[in-house]
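S.K.: I would like to see how this sequence folds:
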Amino acid sequence: MPSTVARRTPALVLVLLAVPLLAGSQCAFFFSSGTSSGERDKEEQVVVVANGNFGAAPVAGIGYSSGSVSGVTGSNGEFEYEMDQPIQFSIGDIPLGRAVSGKAVITPQDLVPEGASATTAAINIDRLLQSLDADQADDAITIPASVRAKAVRSNDTLASAIEYLDFADDAAFANAASQLVTVLTDDYPFTGVLVDAQSAREAAIKSM
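M.R.: Modelled structure (predicted):
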């Protein structure tokens, strides 16, 4: 353990160095913490960040968080994750399944314990994503910032629906998700409805 100084106030300093590793999708970021008076005692931490994509067909606009890394998936579903840290996907305050280990491609079936595309929870995650797609002209899914902003527990209209949304329970999911879709898509140029399970399954298979 490095020595410490009494009444020391650690300051986190990001050393502006991003070193690509052998795999082109990884970067190592070096952090050092020391005192403002310039003592030499420092703690160094290496954070390795890798890239991945969400969805067999791209899903843009969902939030993600992994260790010290967080953001929103890009137009091709791209995200970053901290190596050796789980990654959690979400829409506002709605978690999309469980946190999982990062990898090159993550799909809804990875976010449920059984890990199969036919699993009820995986299909229901697909249903919610497809129902909130703001641009239905192509196979990609786009979740706009307005949806993420409204999908929060502090939104009294949706607090109960967010609380009781259960991807593994068809009945509970349908009740909560229908309300979520109605409110979250109220500014879309079309009337948003909850996609049924069969249609969601067929769309997911088509995108593979």
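
S.K.: Could you look up the next helix or strand downstream of the helix ranked longest in the chain?
M.R.: The residue-count maximum for a helix in the chain (DSSP state H) belongs to helix 170-184. Next along the chain after helix 170-184, taking DSSP states H and E as the criterion, comes helix 197-207.

S.K.: What are the buried residues along that next one?
M.R.: Neighbour counts over helix 197-207 (16 or more other Cβ atoms under 10 Å) mark 197, 200-201, 203-204, 207 as buried. All C-beta spots, glycine's among them, are computed from the backbone N, C-alpha and C.

S.K.: Give me the angle between it and helix 170-184.
M.R.: 80 degrees (axes from the mean of the first three to the mean of the last three Cα atoms, to 10 degrees).

S.K.: coming back round to it: name the nearest of the buried residues of helix 197-207 relative to Ala134.
M.R.: Closest approach between the buried residues of helix 197-207 and Ala134, by Cβ to Cβ: Ala203, at 15.6 Å.

S.K.: Let me see the contact set for that closest one.
M.R.: Ala203 makes contacts with 126, 130, 139, 195, as judged by Cβ atoms under 8 Å, 6 or more residues apart in numbering.

S.K.: Apply 10 Å and report the result again.
M.R.: 57, 126-127, 129-130, 133, 139, 141, 195 (Cβ atoms under 10 Å, 6 or more residues apart in numbering).

S.K.: excluding its backbone neighbours, what's nearest Ala118?
M.R.: Excluding the flanking residues, the one nearest Ala118 by Cβ to Cβ, 6 or more residues apart in numbering is Arg201, at 7.6 Å.

S.K.: isn't that neighbour right up against Arg127?
M.R.: Yes: taking Cβ atoms under 10 Å as the definition, Arg201 is a contact partner of Arg127 at 9.0 Å.

S.K.: on that earlier part again, out of the contacts of Ala203, which sit inside strands?
M.R.: Of those, the ones assigned to strands by DSSP state E are Ile141.

S.K.: now the contacts of Ala203: which count as buried?
M.R.: Buried members of the contacts of Ala203, scored by 16+ other Cβ under 10 Å, are 57, 126-127, 129-130, 133, 141, 195.

S.K.: Can you tell me which of those residues is nearest Ser160?
M.R.: Nearest to Ser160 among the buried ones among the contacts of Ala203, with distances taken as Cβ to Cβ, is Arg127, at 19.3 Å.

S.K.: Can you check the pLDDT for the nearest residue to Lys150 once chain neighbours are set aside?
M.R.: Spatially, and ignoring its direct neighbours in sequence, Lys150 is nearest to Leu184 (5.6 Å; Cβ to Cβ, 6+ apart). With respect to pLDDT, Leu184 scores 99.

S.K.: I figured Leu184 hits Pro144, correct?
M.R.: Yes: if you go by Cβ under 10 Å, Leu184 and Pro144 touch, sitting 9.4 Å apart.

S.K.: which residues do those two both contact?
M.R.: With Cβ under 10 Å, 6+ apart, Leu184 and Pro144 have common neighbours 132, 134.

S.K.: So if I had to pick from the two, which one is more boxed in?
M.R.: Just comparing Leu184 and Pro144: by other Cβ atoms under 10 Å the higher neighbour count belongs to Leu184, 30 against 17.

S.K.: Lovely, talk soon.
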